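K.L.:
Need coordinates for the following:
(3 chains)
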Amino acid sequence: MKYRFQIIPSLCIGCRTCELACAFSHAHDKKPGRSRIYPIAYAPDKYVPVACLQCDDAACVKSCLFNALRRNDETGAIELDKERCVKCMACVAACPFGCALFDDVHDEVVKCDICEGTPACVQFCPTKALVYEKIPV
Amino acid sequence: MRLDSVESLNRLRNESRQRLDARKKKIFVCLGPGCLAAGSDQILEEFNKLLAQENIKDYSLEAIKKTGCHGLCARGPIVVIEPEGIFYSKVKKNHVSQIIEKTLKNGELIESLLYSENGSKKKITDYRDIPFYANQYRIGLRNVGKIDPDEITDYIASGGYQALARVLTEMKPQNVIDEITQSGLRGRGGAGFPAGRKWATCAKVESDVRYVICNGDEGDPGAFMDRCIMEGDPHSIIEGMIICSYAVGSREGYIYVREEYPLAVINLQKAIDDARSYGLLGENIMGTDHCFDIKISRGGGAFVCGESSALMKSVAGDVGEPRAKYIRSVIRGLHDKPTVLNNVESFATVPVIIDKGAEWFTSVGTEKSTGTKAFSLAGKVINTGLVEVPMGVTLRHIIFDIGGGVPAGRQFKAVQTGGPSGGCLPADKLDLPVDFDTLTEAGSMMGSGGMIVMDDRTCMVEVARYFLEFLVKESCGKCVPCREGLYQLYKLCTKICEGKATEDDLVLMEKLSDTIRKASLCGLGQSGPNPFVSTVRYFRDEYLAHIRDKKCPAGVCRNLTTFTINDKCTGCLACISVCPVDAITGEKKKLHVINQELCTRCGSCYDICKFDAVDIQ
Amino acid sequence: MVHITINGKVVKAREGEMLLAAIRRQGIDIPALCHHEAVEPTGNCRLCMVEITREQWQGWKKYVTSCLYPVEEGLIVSTHTPELIEIRKNLLDLQLARCPNSEVIQQMAEEYGLTKSSYESRPDADNCIMCYACTRICEVLGKNAISAAGRGHDKIITPPFGEPPPDCIGCLACAQICPTDVILWTDDNTVRTIWDKKFDLISCSQCGKTTITRDFADYLIETRNLPREYFDTCDECKRKNLAHKMGDIVTAVEEVTL
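P.N.:
Modelled structure (predicted):
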């Protein structure tokens, strides 16, 4: 892994720009999909942008009986191979953080893929609550 | 009694030969499929019973030998008395005592049981003088009809396992492959792939495990050559397989026998068990380092399991469906290991090639198709039976010189070669040589050796429909062109037979046939349209008659043919007695009438009527 | 890395991959109804057939299904010759006779110029094209609950003896992978029915929304060594829970810092 995706909840203001950016950057067939990142309030005016933690020992990878979830060594993201996915929802049910979900707009299972190295949410977050940086060697 | 060296095999051979030669006089009772169905086992029993009661000079119980198919099945049950070669045909159980009294005791011939050519009164005593036999050259069938398949010592006495001894002690595996390659032996199952090349490729693949499989599925309707070798000379197959296992480096072999051949399974298993106890199968064969054993694997009644990849799936216990063979079975076959699959006749030929040499084998047959081929001659031919001839003889020679031509004074119309995947060839193709390549150019193929002769009372459209129905039922159903395409081809062919088709249908069928051939996954589909394509090529007029004129020229297709009795009828009751469905009514000396609802258009009444009173429209 | 020629253009292909992948990477549209990345190719539909040749073959060519043919150095591939288009059209013509009511087949046939089949339609036709995708996927996940039974034209996809399959876990993989949506299922409240077998759906312990079947979850827990608790709640509630957990940590850190 060469990169790291970091969440700083104290900086999150719940503006949901990341949600918008994510949905639109994953648009296809002229429709934005469901976002993979969700700022959620844990207290009044206090938010956590919940996004996939790209776990080392990921439950989603373990749960996939068809090897559709694989680590991209460059970006560090666990990517869902759409060609392999049969939408059985095992990963959606297994992920302890609910970060694999069903996009009912496009009828497909989705999860954060760090936008193949240029995460839109990071780009658009106005408070820099989301960081994607190269890990110092 | 384990043979742990070549010397012990040689000793056993000499002993067995002496024992057999000491008793010059022998009685052979054919227990081949045709004769067995006609009750030859009871004839054998009768001989055993009567000879046990009396003490006839030279003819003790050991003189009686049951054998596999002698060959001239049309004349069965067959009994042969050696060394004179006295050929008694159509023998019944109540003839046995006569044979013992007259022939065995007094050397007299029983005229009524002797053979004569069709239409001739002259009797032929020695079967070797009968044209059917005289014109044959037997290699694969060399022992069938001459030995008791249950007696390993018979096989050894006739030279069996001598080739194996030489291979194991004097030849290296590569020498064996070279010999088979130089002999030009091509797969006798129908595809005609060079056996030597197949063995060489398998031997070269890096693997700890390799398999040798014998294809005993013989699914072609009308073919029974492999059955007769399996039942009549099982050791020849075993010996061929052991030689192959040595050449390619295999320890495990299978003989896949179709479900419909239970007797073949019994005889093969006995031979395998005997070979084991004689140290010819199992560990340290004949005292050498080579180990190889054979198991029998039974089919489940599917024609498609004769296809090599489907066969291997079946052996492995899976559903017998073929796979695309872009990676061939010699490289990844049974259990994904390198596998040699060869036909029964191919393996049975191997020991002879080793014994007599590749050069000798190439001196028989043609340049590209060396050696001989066994055929099962069936259908509208006088001498139905088992035939083996050098490659390159003509169809005419097989059907007329050996087969005796078409019976009941009818005309030859076509011959179907190569089973359902083959095709029909008309009279003007009779002078084509029979080999792997020539018939294919003409639109048929030699195939595994089934040869069905048809006369002028055969409708070629109905023949196509019949074989298409067979293929539709036997298709595994995996790929679209075969499952759906052959089905639609069959339905359209049925439409033609019913007189409901148009010329557009014929065009559609030809287009469909092309797609089925090009797109099918396996050989069954790829050659599936052949019954239609070959008959429409040579008998197009017959198709057009069905379509345009709504007529069946041969008088076969039910919807298009009517059998009626005209006023030449004398009321002799002959047709009434032969009608298989009791469709004819009438009294003696009164006009007979055919019930059209019941009539199956079989033509038995037409054939038997001496007064030309039956009209076919 | 090998080099093959596709429709006249020399391209690179990965060693060991099938022609279909190399062809599709070039953006060439080739139909392949029975193909899916999650299962081994079988070559049932024959639509992905291409023409291959080599320089040494002196004009001789072969038709192969690209889903099953591995790339080889020097292979020359044509994907849309007139003969191939004719073959695909005729195959779709046959499919249309088999499944006249399938929209997917109708659409594909139309792309090849067919509005109706040249052949007699199968009576009481369902939409199953016998592609084996459902049986293959069930085999991959290790259950083999359904299979192809019978031979030839009467072949059907069925559970053993036509009864509710004892091995089925209600994961819906077969229904989802079916290219013609033949396999039907219903989710009624907390009960799922597929192949005439009823399954209990897990209800989220927090909001009650249903997720996957109990049997499917149990199968994943056992065979994949996953904690049971992961499956008790739905994804939405799990996100909320994570937010709250993280929020607790943030609050605690703030308190400490303060």
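
K.L.:
From here on, just use CA atoms for contacts and neighbour counts.
P.N.:
Noted.

K.L.:
tell me the mean pLDDT for the top helix by length along chain C?
P.N.:
With DSSP state H applied, the helix covering the greatest number of residues in chain C is identified as helix C:235-257. Model confidence over helix C:235-257, given as mean pLDDT, is 90.

K.L.:
try stretch B:154-172
P.N.:
Averaging pLDDT residue by residue across stretch B:154-172 gives 96.

K.L.:
same check, this time on stretch B:546-564
P.N.:
For stretch B:546-564, mean pLDDT rounds to 90.

K.L.:
what's the span of it from first residue to last?
P.N.:
One end of stretch B:546-564 sits 20 Å from the other (C-alpha to C-alpha, to the nearest Å).

K.L.:
Would you mark the buried spots in it?
P.N.:
Judged by neighbour count (16 or more other C-alpha atoms under 10 Å in any protein chain shown), stretch B:546-564 contains these buried residues: B:546-548, B:550-558, B:560-564.

K.L.:
cool, and stretch B:511-528?
P.N.:
When neighbours are counted by 16+ other C-alpha under 10 Å, the buried residues of stretch B:511-528 are found to be B:512-513, B:515-528.

K.L.:
ok, now stretch B:309-321?
P.N.:
Buried residues in stretch B:309-321, counted by 16+ other C-alpha under 10 Å: B:S309, B:A310, B:L311, B:M312, B:K313, B:S314, B:V315, B:V319, B:G320, B:E321.

K.L.:
what's the closest non-adjacent residue to the fourth one?
P.N.:
The spatially closest residue to B:M312, leaving aside those adjacent along the chain, is B:L334, at 5.2 Å (C-alpha to C-alpha, 6 or more residues apart in numbering or on different chains).

K.L.:
show me the contacts for that neighbour.
P.N.:
Counting by C-alpha atoms under 8 Å, 6 or more residues apart in numbering or on different chains, B:L334 touches B:Y211, B:M312, B:K313, B:V315, B:A316.

K.L.:
Repeat that for C:T158.
P.N.:
C:T158 makes contacts with C:I146, C:S147, C:A148, C:A149, as judged by C-alpha under 8 Å, 6+ apart.

K.L.:
Mind doing that once more with 10 Å?
P.N.:
C:T135, C:A145, C:I146, C:S147, C:A148, C:A149, C:G150, C:P164, C:P165, C:W195 (C-alpha atoms under 10 Å, 6 or more residues apart in numbering or on different chains).

K.L.:
Could you identify the buried members of the residues you listed?
P.N.:
The neighbour-count criterion (16+ other C-alpha under 10 Å) marks C:T135, C:A145, C:I146, C:S147, C:A148, C:A149, C:P164, C:P165, C:W195 among the contacts of C:T158 as buried.

K.L.:
Can I get these in TSV including secondary structure, distance to chain B and pLDDT?
P.N.:
TSV is the format used below for the buried ones among the contacts of C:T158 (DSSP: H, G, I helix; E, B strand; the rest coil; distance: C-alpha to the nearest C-alpha, whole Å; pLDDT from 0 to 100):
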residue	secondary structure	distance to chain B	pLDDT
C:T135	helix	13	97
C:A145	coil	16	97
C:I146	coil	14	97
C:S147	strand	11	95
C:A148	strand	9	95
C:A149	strand	9	94
C:P164	coil	22	97
C:P165	coil	19	97
C:W195	coil	22	97
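
K.L.:
How about the stretch 51-200 of chain B: which residue is closest to chain A?
P.N.:
The nearest approach of the stretch 51-200 of chain B to chain A comes at B:K198, 37.4 Å away (C-alpha to the nearest C-alpha).

K.L.:
doesn't B:T181 make contact with that residue?
P.N.:
Yes - look at B:K198 against B:T181 with C-alpha atoms under 10 Å: they come within range, at 9.2 Å.

K.L.:
out of these two, which sits in the busier spot?
P.N.:
In this comparison of B:K198 against B:T181, neighbours counted by other C-alpha atoms under 10 Å in any protein chain shown, the higher total goes to B:K198 at 22 against 19.

K.L.:
how about the host helix or strand of that one: buried residues?
P.N.:
In this assignment (DSSP states H and E), B:K198 forms part of helix B:195-204. Taking 16+ other C-alpha under 10 Å as the neighbour-count basis, helix B:195-204 is seen to contain the buried residues B:A195, B:G196, B:R197, B:K198, B:W199, B:A200, B:C202, B:A203.

K.L.:
coming back round to it: cross the buried residues of stretch B:511-528 against helices and list the overlap.
P.N.:
Cross-referencing those against helices under DSSP H gives B:L512, B:S513, B:T515, B:I516, B:R517, B:K518, B:A519, B:G523, B:L524, B:G525, B:Q526.

K.L.:
Need the max-distance pair from the residues you listed.
P.N.:
Taking C-alpha to C-alpha, the two most distant members of those are B:L512 and B:G523; they sit 16.4 Å apart.

K.L.:
And the pLDDT for the residue nearest to B:V364 when sequence neighbours are not counted?
P.N.:
The shortest distance from B:V364 to any non-neighbouring residue, by C-alpha to C-alpha, 6+ apart, is to B:G371 (4.8 Å). Among the per-residue scores, B:G371 holds a pLDDT of 96.

K.L.:
next one: phi and psi at B:G371?
P.N.:
Note on B:G371: backbone dihedrals following degrees, to the nearest 10 are phi 80, psi -160.

K.L.:
residues near it, how many?
P.N.:
Other residues near B:G371 come to 28 when the count uses other C-alpha under 10 Å.

K.L.:
For it, give its distance to B:F193.
P.N.:
Using C-alpha to C-alpha, we find B:G371 at a distance of 14 Å from B:F193.

K.L.:
C:Q206 now?
P.N.:
According to C-alpha to C-alpha, C:Q206 stands 69 Å off from B:F193.

K.L.:
out of those two, which sits in the busier spot?
P.N.:
Neighbours around C:Q206 and B:F193, counted as other C-alpha under 10 Å, are more numerous at B:F193. The numbers are 16 against 12.

K.L.:
Centre of the chain to stretch B:609-617, how far?
P.N.:
Here stretch B:609-617 shows a centroid-to-chain-centroid distance of 36 Å under the convention C-alpha atoms, centre = their mean, to the nearest Å.

K.L.:
ah, wrong one, I meant stretch B:519-531
P.N.:
In terms of C-alpha atoms, centre = their mean, the centre of stretch B:519-531 is set 22 Å apart from its chain centre.
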